[in-house]
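> Need a 3D model of the following:
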Amino acid sequence: MMWLVFAFGAWALGWWVNARLAALPRTRVTGLAVPLIFGITLIAIWEGVVRGFDISAVLLPAPSMIAARFAASTAILWEDFVQTVIKGALTGYVLGCGAAFLVAILVDRFDFLRRGLLPVGNFVAALPVIGMAPILVMWFGFDWQSKAAVVVVMVFFPMLVNTVQGLADSSAMQRDLMRTYAAGYWTTLLKLRLPAAMPFIFNGLKIASTLALIGAIVAEFFGSPIRGMGFRISTSVGQLALDLVWAEIVVAAVVGSAFYGIVALIERMVTFWHPSQRHL
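Reported below is the predicted structural model:
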């Protein structure tokens, strides 16, 4: 009963504090404090409800149990992080986004590629990862190379479509003005069209940052060496070690949020002139 009282008290306190903060002028401190307090409140409610109703750890472990397993399994979690995030997700992200950017330049330069490649790209982008992953694992083997290949396929076409759309964002008047200055294609591309396309390019990079980690983890369900976040999740579920599964989920959530945040921070520095960044 005391744990249920604790959960209710945490909810009431969190509600009161966030209501007071929401009434204050919006600053960087309050902007960070509100979601932080909200998250702490949810964790406290989770702890109280699980312990108050005596929910089995097989169904839903308490946050304290997850934290204890996290602290006891740092070596395993680090090994899985390197295998999945650094080798699989990050390598595939860099290769996929870099290749998509270069192909977007070609698509913008040659109209027949736009009419031929983009419809195929929309078709491939609609394919589910669970359909592509087994095939790529068989092609590239069970190590991280096949996971990077899955990530390349997942991020390539969203990045390509956003970059092509961004390169077409400059107005006809702006392009005509560049021609009056005797600017050729490459000068116009570097001085006008690429800067104008940056919001679209970063939109593609942010979408790809979330897809990369998902693709790498899901691909490990279809074949992996004895390490990796997807491998650990699938085997731990079979062993009913749900606390380790949740520890891996915590790592994935933190890494994914940090990855997205880094890309968004770089976007703010590069596209500070864009109206979407002026209110931040």
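
> Listing request: residues of the stretch 101-250 of the chain with sub-threshold pLDDT.
Applying pLDDT under 70 to the stretch 101-250 of the chain flags residues 125, 170-185.

> just the helices in it please.
Under the criterion DSSP state H, counting those that start in this stretch, the stretch 101-250 of the chain contains helices at 111-125, 129-140, 144-167, 172-180, 185-188, 194-219, 229-238, 242-270.

> of all these, which gets the most neighbours per residue?
helix 144-167 (a mean of 24; mean count of other C-beta atoms under 10 Å). For glycine as for every other residue, the C-beta is placed from the backbone atoms N, C-alpha and C.

> between that one and helix 111-125, how many degrees?
For helix 144-167 against helix 111-125, the angle by axes from the mean of the first three to the mean of the last three C-alpha atoms, to 10 degrees is 130 degrees.

> From the contact counts, what lies against helix 144-167?
Other elements packing on helix 144-167 under the criterion 3 or more C-beta pairs under 8 Å, 6 or more residues apart in numbering; DSSP states H and E are helix 91-109, helix 111-125, helix 129-140, helix 194-219.

> Let me have these in a markdown table, extended by distance to R232.
Compiled in a markdown table, these are given as follows (distance: least, C-beta to C-beta, whole Å):
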| stretch | distance to R232 |
| --- | --- |
| helix 91-109 | 19 |
| helix 111-125 | 29 |
| helix 129-140 | 17 |
| helix 194-219 | 10 |
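
> which stretch among the ones you listed comes nearest T41?
Taking C-beta to C-beta, helix 194-219 is the member of those nearest to T41, at 25.2 Å.

> what's the closest one packed up against?
Packed against helix 194-219 by the contact rule (3+ C-beta pairs under 8 Å, 6+ apart) you find helix 91-109, helix 129-140, helix 144-167, helix 229-238, helix 242-270.

> returning to what we had before: with respect to I43, which of the helices and strands packed on helix 144-167 lies nearest?
Closest of the helices and strands packed on helix 144-167 to I43 is helix 194-219, at 22.2 Å (criterion: C-beta to C-beta).
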